[in-house]
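> Quick check, what structure comes out for this input:
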Amino acid sequence: MKKGNFCRFIIVDNDINITLAEVIIQKVVENAEIQSYTLPQVALKHIEAEYHQTDKNIPTLLLLNFQMPAMSGFEFLEAFLKFNDTIKNQFKIFASFSSATKKEIEKALEYSYVIDYRVKPLTISILNKWIEENGLEFSGC
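Numbers count the residues shown, from 1 in each chain. So this is what the prediction gives:
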């Protein structure tokens, strides 16, 4: 189990992928705090409401599906970039694609808060690799 400096996961995807990601996260991160959203707009509202306080720091890893019907991952990121630095600096975003062109992947990685991408499905080995490659550790806040 991983422990340390990150304390929360937010997943923005469809119900099936959310369930899969939650199971994988719980197998890798002891007592993971997970918040999941099928509607990106709701996730953005939650982020804005909960993360805006300057006296609060909630280091969060966000798993973002880029191919959603209501709002694309790129639209989500454009909205996310409008948040102040107090909010944005609490996040590391991992892009998740069902399928992607090289151009889409390159475009996603141009966003400074997107630190990696993967083509689905999320697996234990991919999550472990993200954690290890990015020096992430997890603990409760």
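> First-to-last residue distance for stretch 102-117?
Stretch 102-117 has an end-to-end distance of 11 Å (C-alpha to C-alpha, to the nearest Å).
> What residues of it count as buried?
For stretch 102-117, burial by neighbour count (16 or more other C-beta atoms under 10 Å) applies to 104, 105, 107, 108, 111, 113, 114, 115, 116, 117. (C-beta placed from N, C-alpha, C; glycine too.)
> Select from those residues every entry located in helices.
Counting by DSSP state H, the part of the buried residues of stretch 102-117 found in helices is 104, 105, 107, 108.
> Tell me the one of these nearest residue 18?
Nearest to residue 18 among those, counting by C-beta to C-beta, is residue 108 at 19.7 Å.
> So what pairs up with the residue nearest to that closest one when sequence neighbours are not counted in the strands?
Leaving aside its sequence neighbours, residue 108 sits nearest to residue 95 (C-beta to C-beta, 6 or more residues apart in numbering; 4.4 Å). Per DSSP bridges, the residues bridged to residue 95 are residue 64, residue 117.
> List the contacts of residue 95.
64, 66, 73, 105, 108, 109, 114, 116, 117, 118 (C-beta atoms under 8 Å, 6 or more residues apart in numbering).
> Go through this protein and flag its longest helix.
helix 15-28.
> neighbouring contacts of the next helix or strand after it?
Counting by DSSP states H and E, the next helix or strand C-terminal to helix 15-28 is strand 33-37. The contact list for strand 33-37, computed with C-beta under 8 Å, 6+ apart, reads 7-13, 18, 21-22, 25-26, 43, 46, 140-141.
> Strand 33-37 pairs with which strands, and in what direction?
Assessed with DSSP bridges, strand 33-37 is paired to strand 8-12 (parallel).
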